[in-house]
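*Asks:* return atomic coordinates for the entry below.
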Amino acid sequence: MQEKKENVYGIGEPDLKSIYKGGEALKKAPKFYGVSTGIEGLDPLFYVVVLENGKLVKKQLGGIPAYSVFNITGVSDTGKSLMVEQFAVKQASKGEGVAFITVETPANFLAASLELRANAMGFNFKDFEDNLIIIDAASSTKLRESLPDLLATLAYVIQHYKANFTIIDSVTGLFETKEMLARNIVRRLYNFMKKWYQTALFVSQKRSGHEELTAEAAGGYAVGHIVDGTMVLAKELIDSSFKAKMYKKEIGEIVRLFRIDGCRMCGHDTKTRFLEITETGLVVIKEPIS
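*Replies:* Here you go, the predicted structure:
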């Protein structure tokens, strides 16, 4: 009998709690809807296909999917931090609690930057400043070096401040001296966001040697594969007549580019688009380069 059991179950013990029928799992699924990002030109790029009167109809989602975890990657000076700050301000202005884990910039400097972003977006920062809960991992070695302590702090913020949105800028700072552990760290962060029903944005840095428009970040391609989707930001120096003609720019100018590199939760635009950083410090997604 023992031999027969091992043939059926293998040499380990089955985890029966991990088995769900489709209907059982679906009952636990949250409502699917779009979350407005506060970034001009981005919300219309996500869509769903629904069945209406026997026909498939494509409908704009109106933002990123709720409860999704997105990786925002690119080299320096491409607008990554500006994007997540705009997103944070947008949600806070709507009365939502936002947990902002800052790994690069101390809390007081981040708060000043968020106020600038709010002013540029036409909001009065004082009206909702306390909806933004900053976790200062930039100033705390304990939080940067101990993922359990960081997650315990985030869980406290989610519970006590009713946060539904989490920003980490940047997730790369949590494994910059231990890049071999990047996949494990991002996986634990991702699973945490799903457990607590967070809509989250992770900023990740590219090495200068990476191709500009790939989804690869420090930690490798595996980091982007764990999350629900990736947005790639890039910049290119116009240093040839060919590039000048292609981008319709003068030699010596900088062109910034944007692309959604996959989203497993909904459909999305696949074109490479121009990205502009306005004089007031806001990111705007523009027309396709074609």
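*Asks:* show the contacting residues for the nearest residue to Q86 once chain neighbours are set aside.
*Replies:* Once flanking residues are discounted, Q86 sits nearest to G38: 4.4 Å by Cβ to Cβ, 6 or more residues apart in numbering. In short, each C-beta sits where N, CA and C put it, glycine included. By Cβ atoms under 8 Å, 6 or more residues apart in numbering, the contact set of G38 is Q86, F87, V89, K90, Q91, M121.
*Asks:* ok, now how distant is the third one from K27?
*Replies:* So that's V89. Here the distance between V89 and K27 works out to 35 Å (Cβ to Cβ, to the nearest Å).
*Asks:* looking at those two, which one has more neighbours?
*Replies:* Taking other Cβ atoms under 10 Å, V89 and K27 do not tie; V89 has more neighbours (26 against 9).
*Asks:* was I right about that one contacting R117?
*Replies:* Yes: between V89 and R117 a contact is recorded at 5.1 Å, counting by Cβ atoms under 8 Å.
*Asks:* average pLDDT across the helix or strand that contains F274?
*Replies:* Using DSSP states H and E, the element containing F274 is strand 273-277. Mean per-residue pLDDT for strand 273-277: 95.
*Asks:* only alpha carbons, please: show it as PDB.
*Replies:* Output in PDB follows, covering the C-alpha atoms of strand 273-277 (Å, rounded to 0.1, in the frame of the first residue of the first chain):
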ATOM      1  CA  ARG A 273       5.500  56.400 -27.900                       C
ATOM      2  CA  PHE A 274       7.200  59.700 -27.200                       C
ATOM      3  CA  LEU A 275       7.300  60.700 -23.600                       C
ATOM      4  CA  GLU A 276       7.600  64.400 -22.600                       C
ATOM      5  CA  ILE A 277       8.600  65.900 -19.200                       C
END
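*Asks:* buried ones in stretch 231-246?
*Replies:* Using 16 or more other Cβ atoms under 10 Å as the test for burial, stretch 231-246 gives M231, V232, L233, A234, K235, E236, I238, A244.
*Asks:* and these, which is closest to P14?
*Replies:* For the buried residues of stretch 231-246, the minimum distance to P14 (Cβ to Cβ) is 38.9 Å, reached by M231.
*Asks:* OK, contacts around the closest one?
*Replies:* Counted by Cβ under 8 Å, 6+ apart, M231 has contacts F70, N71, I72, T73, M83, F258, R259, I260, D261.
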